[in-house]
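Enquirer: Have a look at this fold, sequence not included:
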């Protein structure tokens, strides 16, 4: 059995999900893939079932009856992975904005000593392809705001392409993380940082989706603004832990 789990939340990703599964299976890293589908009405889950028949036990599918949000999907996936003794657990989008071959680079960073490896758009060597200027401005602004408020030395705190060593997810109180979008991504990194874990950024080229529809909306932006403030205020008197060697 693989010790590496890739969690892919989906909602209406019929154009992408089969292709992304095939791309991950084709890698030499022997990844197990967990798709968590939030009741997609377009047949996304049916495509995953077809891939299960094609690729066998390395594909798992969880179907939830309705759209419950990205954050809750990842929390469910984290717990699922911990129960099955996976050592490295990844977050990844279904739409090819996160290049599948870079899973191996995130894994290598964790194997080299990182506790959390982040696929970063905003460190040297990273970048964004085919984003409109307003989307890029919003993303960079959110990253700057998050760094100022939290004090994290992370250039891309909203990144959603991440590898966690299982020890990180075992230590964090996952039941207390209630965010959905950007705030979830920031919150996970911030809690890991405050717990004394080593966060490393790995440069990636983030490519805007070619197929399907973006799930970004105003509520996610609002949650990020106020969620980051709430995180910081809740820990203002809690110094960062120093991880023992």
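Expert: Now that the structure is in, tell me what you want to look at. Being a predicted model, the structure only gives us computed values, none of them experimental. Numbers count the residues shown, from 1 in each chain.
Enquirer: Quick check, residue 131 in contact with residue 208.
Expert: Yes: the criterion here is Cβ atoms under 8 Å, and residue 131 meets it with residue 208 at 5.3 Å. Bear in mind the C-beta positions are built from the backbone N, C-alpha and C, glycine included.
Enquirer: residue nearest the centroid of the protein?
Expert: In the chain, the centroid-proximal residue (Cα atoms, centre = their mean) is residue 91; its distance is 3.1 Å.
Enquirer: Least confident secondary structure element in the chain?
Expert: Lowest on mean pLDDT, DSSP states H and E among the helices and strands of the chain sits helix 218-234, with a mean of 61.
Enquirer: can you give me the helices in this protein?
Expert: Ranges of helices in the chain, per DSSP state H, are 17-25, 44-55, 70-83, 102-111, 133-150, 166-171, 182-194, 218-234.
Enquirer: between those helices, which gets nearest to residue 3?
Expert: Smallest distance to residue 3 across the helices of the chain (Cβ to Cβ): 8.9 Å, for helix 166-171.
Enquirer: Pull the contacting residues for residue 87.
Expert: 3, 4, 165, 166 (Cβ atoms under 8 Å, 6 or more residues apart in numbering).
Enquirer: ok, those vs residue 71, which is closest?
Expert: Nearest to residue 71 among those, with distances taken as Cβ to Cβ, is residue 166, at 19.1 Å.
Enquirer: isn't the closest one right up against residue 83?
Expert: No: taking contacts as Cβ under 8 Å, residue 166 lies outside contact range of residue 83: 10.9 Å.
Enquirer: isn't residue 34 right next to residue 7, touching?
Expert: Yes: using Cβ under 8 Å, residue 34 makes contact with residue 7 at a distance of 5.1 Å.
Enquirer: Give the residues shared as contacts by the two.
Expert: 77, 81.
Enquirer: Tell me how far residue 22 lies from residue 55.
Expert: To residue 55, residue 22 is 8 Å away according to Cβ to Cβ, to the nearest Å.
Enquirer: do the same with residue 5
Expert: Residue 5 is 15 Å from residue 55, by Cβ to Cβ.
Enquirer: I'd like to know how many residues surround residue 120.
Expert: Residues lying near residue 120 (other Cβ atoms under 10 Å) number 24.
Enquirer: Would you enumerate the residues in contact with it?
Expert: 126, 154, 155, 156, 159, 201, 202, 203, 204.
Enquirer: Please identify which pair of the residues you listed lies farthest apart.
Expert: Counting by Cβ to Cβ, the most remote pair of the contacts of residue 120 is 154 and 204, 14.1 Å apart.
Enquirer: For this structure, give me the ranges with low pLDDT.
Expert: Residue ranges of the chain with pLDDT under 70: 1, 181, 209-245.
Enquirer: go again using 90 as the cut-off
Expert: Across the chain, residues meeting the criterion (pLDDT under 90) sit at 1-2, 28-29, 56, 65, 67-70, 129-151, 158, 175-184, 187, 207-245.
Enquirer: how close does residue 173 sit to residue 86?
Expert: Going from residue 173 to residue 86 by Cβ to Cβ gives 19 Å.
Enquirer: Which one of these two is surrounded by more residues?
Expert: residue 86 (24 against 7).
Enquirer: Residue 145 versus the spatially closest residue to that one that is not a sequence neighbour, what's the distance?
Expert: Once flanking residues are discounted, residue 86 sits nearest to residue 5: 4.1 Å by Cβ to Cβ, 6 or more residues apart in numbering. When distance is defined by Cβ to Cβ, residue 5 is 31 Å away from residue 145.
Enquirer: Done for today, thanks.
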